[in-house]
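Peer 1: give me the fold of what follows.
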Amino acid sequence: MKEIIIKDEFIKLGQAMKLAGLVDAGTEAKFLIQDGEVLVNGEVCTQRGKKLYHGDEFTYAKTTVKVKGNL
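Peer 2: Numbers count the residues shown, from 1 in each chain. This is a model prediction of the structure:
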């Protein structure tokens, strides 16, 4: 499982996908999310602006990424 560390209280899903290196551009993330190809905490998420907080996980293409806060 990969991890990303965020500096703020939350990060939006599309930004998190870019930070984790799963996509190269925000537009790529937008279409993947809209097409229902991304899971957040085990459930399909089609909301590009979904806020992810410390402890949340998202999965795309069999890669799961855990969000960690800069505690």
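Peer 1: pLDDT weak spots in this protein?
Peer 2: Along the chain, segments meeting pLDDT under 70 span 71.
Peer 1: how about the helices in this protein?
Peer 2: Ranges of helices in the chain, per DSSP state H, are 13-19, 26-34.
Peer 1: give me the contacts around the shortest one.
Peer 2: If I follow you right, that is helix 13-19. 4, 6, 11, 23-26, 29-30, 32-33, 38, 40, 45, 47-52, 58, 60, 65, 67 (CB atoms under 8 Å, 6 or more residues apart in numbering). In short, each C-beta sits where N, CA and C put it, glycine included.
Peer 1: state which strand of this protein is the longest.
Peer 2: strand 63-69 (DSSP state E).
Peer 1: contacts for it?
Peer 2: Here strand 63-69 has contacts from 1-6, 9, 11, 16, 20, 22, 52-59, using CB under 8 Å, 6+ apart.
Peer 1: tell me which residues of that strand come out buried.
Peer 2: Residues 65-67 are the ones in strand 63-69 that count as buried (16 or more other CB atoms under 10 Å).
Peer 1: repeat that for stretch 19-31.
Peer 2: Within stretch 19-31, the residues scored as buried using 16+ other CB under 10 Å are 20, 22-23, 29-30.
Peer 1: show only the entries of the contacts of strand 63-69 found in strands.
Peer 2: Per DSSP E, the contacts of strand 63-69 map to strands at 2-6, 11, 52-53, 57-59.
Peer 1: so what's the residue nearest to Lys51 when sequence neighbours are not counted up against?
Peer 2: Nearest residue to Lys51, sequence neighbours excluded (CB to CB, 6 or more residues apart in numbering): Phe10, at 4.2 Å. Applying CB under 8 Å, 6+ apart to Phe10 gives the contacts 51-53.
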